[in-house]
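Undergrad: my questions concern the predicted model and sequence given below.
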Amino acid sequence: MCHRQEPIALLTPRDVVKAARQYIGVPYKKQGRTRRGLDCVGLLKLVAIELGENPRDERGYGANISGKKSEIIVSEHCDLIPKEKRQAGDLVQLLMGLDDPQHWGILTDTGMIHAYSKEPRCVTEHSLNEEWIGKIRKVYRLRGIAQL
């Protein structure tokens with residue numbers, strides 16, 4: 001997700017969530033990377049920039065970015081953590097009906113923020129019901145983010 005090797009300094013899970021919430025309502029746009037339109041990878045990129053990172057970007061993918069490719073990008077500056085230790089501010093990789101987990105979201109204190117291609121076709125925040133929890137395949141935490 002980012003090109004910097006040192007951990008993010010003095011950031012909390014609340015900072016990550018606050019940065020992500022700024023994009024709620026932005027329309028969904030495949031491979032979008034601006035406030036005029038975002039996809040799930042674009043949301044991660046813009047939140048990383050808000051947090052002072054210089055994230056690597058990946059474009060030119062088809063309908064969905066490869067789960068493996070996006071994992072490599074995210075793991076450059078995030079640590080994989082056990083799903084049961086997830087907390088607000090963590091990044092989650094989700095399986096959305098395919099064999100390859102290709103969707104990303106950011107956990108909040110009340111649920112998850114993500115850019116969703118289905119209704120409402122925008123960056124949205126909603127609760128994590130059993131269906132959404134069941135879609136989580138991996139959880140990543142930005143290095144240097146405090147554990148709650």
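TA: That came through, no problem. Numbers count the residues shown, from 1 in each chain.
Undergrad: just want the most central residue of this protein.
TA: The centre of the chain sits closest to Gly105, judged by C-alpha atoms, centre = their mean, with a distance of 3.9 Å.
Undergrad: strand partners of the lengthiest strand in the chain, parallel vs antiparallel please.
TA: Longest strand of the chain, by residue count under DSSP state E: strand 136-142. In the sheet, strand 136-142 lines up against strand 78-81 (antiparallel), strand 91-94 (antiparallel) (DSSP bridges).
Undergrad: list the contacts of it.
TA: Strand 136-142 has contacts (C-beta atoms under 8 Å, 6 or more residues apart in numbering) with 7-8, 11, 16, 51, 67, 71, 74-75, 77-83, 85-87, 89-95, 101, 107, 147. The C-beta positions use only the backbone N, C-alpha and C, and glycine is treated the same way.
Undergrad: check stretch 88-101 too.
TA: Residues contacting stretch 88-101 (C-beta under 8 Å, 6+ apart): 1, 12-17, 44, 64, 66-68, 70-71, 74, 78, 81, 86, 102-109, 112, 114, 132, 135-142, 145, 148.
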